[in-house]
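A.B. asks: can't give you the sequence, but here's the structure:
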């Protein structure tokens, strides 16, 4: 079992950058496929980025390709979401998620077993 804690959210202006951290207070993240999701008010939770546990595969929703990067630091037991050139439509609560199922990451939030509490990202125009 793994316990996830997100940090790094905040209020920024459009065009700025933020890095979200997802650390494990319990468990070892390099055993898991990881995903980042977001949920805006009144909307369903949306896949943002995924990374396989061996790092050979990553994936992104089209709206963030070229702007967001998912990565992992094994020594720090932390997964990151680097977000550049933020836009107002990126405003949401961001969640990291982990799963042992299968061979890679998933776009379906139902495939993830463990979730963090979320961190708010607000981008002003």
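C.D. replies: Yep, that arrived. For clarity, every value in this text was computed on a predicted model and none was experimentally measured. Numbering: from 1, shown residues only.

A.B. asks: so what's the residue nearest the centre of the chain bridging to?
C.D. replies: Nearest to the mean C-alpha position of the chain, counting by Cα atoms, centre = their mean, stands residue 36 at 2.4 Å. Under the criterion DSSP bridges, residue 36 forms beta bridges with residue 49, residue 96.

A.B. asks: what's the pLDDT at it?
C.D. replies: According to the predicted model, the pLDDT of residue 36 comes to 98.

A.B. asks: That one contacts residue 20, doesn't it?
C.D. replies: Yes - using Cβ atoms under 8 Å, residue 36 and residue 20 qualify as a contacting pair, with a distance of 7.2 Å. Backbone N, C-alpha and C define where each C-beta goes, glycine included.

A.B. asks: Spit out the residues that contact these two alike.
C.D. replies: With Cβ atoms under 8 Å, 6 or more residues apart in numbering applied, the overlap between the contact sets of residue 36 and residue 20 consists of 81, 94, 96.

A.B. asks: Take those residues and lay them out in JSON lines including pLDDT.
C.D. replies: Rendered in JSON lines, the data for the shared contacts of residue 36 and residue 20 read as follows (pLDDT from 0 to 100):
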{"residue": "81", "pLDDT": "98"}
{"residue": "94", "pLDDT": "98"}
{"residue": "96", "pLDDT": "98"}
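
A.B. asks: Of the residues you listed, which is the nearest to residue 114?
C.D. replies: Using Cβ to Cβ, the shortest approach to residue 114 within the shared contacts of residue 36 and residue 20 belongs to residue 96, at 8.9 Å.

A.B. asks: That closest one: neighbour count?
C.D. replies: When counting by other Cβ atoms under 10 Å, one arrives at 31 neighbours for residue 96.

A.B. asks: I figured it was touching residue 6, is that so?
C.D. replies: Yes - here residue 96 lies in contact with residue 6, judged by Cβ under 8 Å, at a distance of 5.5 Å.
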